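> structure of the sequence below:
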Amino acid sequence: MIRFLSYPVSPESPVFPDCPTASFEPLFRIDRGDVCNMVTVTTQNHVSTHMDYPWHFNPNGRRMTELEAAEFFFETPRLLDLARADDELITDADLRAHADEIAGADMLLIRTGFGRKWRSADPIRYSQHGPGFAVSAGEYLIHEQPSLRAIVLDWISAASPTHVPEGHEFHRVVLGRRREDRYILIVEDAKLDAELSGADLGRVVIAPLLLQDQDGGPVTLFADSRRTA
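Prediction:
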């Protein structure tokens, strides 16, 4: 089975505070006499399910079109449940408690349940009071989980809107500060439903919207459980 782990980009997509969401403006419409349907899309690049590339916080980091195609394929994804409520941070201690589960993973999908509970029911709460990471969590992942290449979150941003400086520093830790630094890609606002299990993952592929030389952009995640060992 192949399933989406992404939300579509839409004008209703929740966004981080003070960021505009997408807008769709009809350009051509068959029902208005045009030969085809076409739309003008206006958006910032961190809307709906999207990826942060190193250049998002690392002034010397790789931009999205500098990554190799192989960096978007993940063979050992792991799903980790860490329930979090409004404004709560994930620390290194939280992750260390699951060290055996994380070890060897090239992608870590963290399901807090926050997205499932609030993304549709209360988009403002979802965008303004999401959980996030403490700096210590970033230090643990970058220094003690050498196989890890991406983390996937079921909430709005790795930076909790109520702990922004902490979240910014987390980004700097995992995205690097220098060109040669190791980095872990970050996928935010992903769709990790309650019925999703680790067995459903198999291989995960991230299909990016390739925006030339940019710091991030919308992505579509596919989980393919048909893969055999």
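> beta partners of Pro218?
Here Pro218 sits in beta bridges with His50, going by DSSP bridges.
> sorry, wrong one. I was asking about Leu185.
Beta-bridge partners, per DSSP bridges, of Leu185: Ala150.
> against Gln128, how distant is the most far-flung residue of the chain relative to its centre?
Distance from the centre of the chain peaks at Gly33, with 39.9 Å (C-alpha atoms, centre = their mean). Counting by C-beta to C-beta, to the nearest Å, the separation of Gly33 from Gln128 is 43 Å. C-betas here are computed from N, CA, C, even on glycine.
> now the strands: where do they sit in this protein?
Ranges of strands in the chain, per DSSP state E, are 2-4, 23-28, 38-42, 50-52, 73-74, 77-81, 89-90, 107-111, 132-133, 150-153, 185-188, 203-208, 216-224.
> by contact count, what packs against the last one?
In terms of contact count using 3 or more C-beta pairs under 8 Å, 6 or more residues apart in numbering; DSSP states H and E, strand 216-224 is assigned the packing partners strand 2-4, strand 50-52, strand 203-208.
> now tabulate the ones you listed in CSV and tack on mean pLDDT.
Compiled in CSV, the helices and strands packed on strand 216-224 are given as follows (pLDDT from 0 to 100):
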stretch, mean pLDDT
strand 2-4, 95
strand 50-52, 98
strand 203-208, 97
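> find the nearest non-adjacent residue to Ala199, please.
Counting by C-beta to C-beta, 6 or more residues apart in numbering, Ser225 is the residue found nearest to Ala199 once chain neighbours are left out, at 6.4 Å.
> quick one: that neighbour from Ile2, how far?
Computed as C-beta to C-beta, the Ser225 to Ile2 distance reads 8 Å.
> neighbour count: those two, which is higher?
Ser225 (15 against 12; other C-beta atoms under 10 Å).
> tell me the pLDDT at Ser225?
On pLDDT, Ser225 comes in at 89.
> the helices in the chain, which residues?
Under the criterion DSSP state H, helices of the chain are mapped to 92-96, 99-102, 114-118, 123-128, 135-144, 164-175.
> including distance to Phe74, mean neighbour count and mean pLDDT, could those go into CSV?
Below are the helices of the chain laid out as CSV (distance: least, C-beta to C-beta, whole Å; neighbours: other C-beta atoms under 10 Å; pLDDT from 0 to 100):
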stretch, distance to Phe74, mean neighbour count, mean pLDDT
helix 92-96, 18, 17, 98
helix 99-102, 14, 13, 96
helix 114-118, 20, 19, 97
helix 123-128, 26, 17, 97
helix 135-144, 15, 19, 98
helix 164-175, 16, 20, 98
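> any idea how far Leu196 is from Gly202?
In this view, Leu196 and Gly202 are 12 Å apart by C-beta to C-beta.
> which residues are common contacts for those two?
Ala223 (C-beta atoms under 8 Å, 6 or more residues apart in numbering).
> check the separation of the first and last residues in stretch 39-46.
This stretch, stretch 39-46, spans 20 Å end to end (C-alpha to C-alpha, to the nearest Å).
> check the offset of it from the chain's centre.
With C-alpha atoms, centre = their mean, to the nearest Å as the basis, stretch 39-46 stands 18 Å off its chain's centre.
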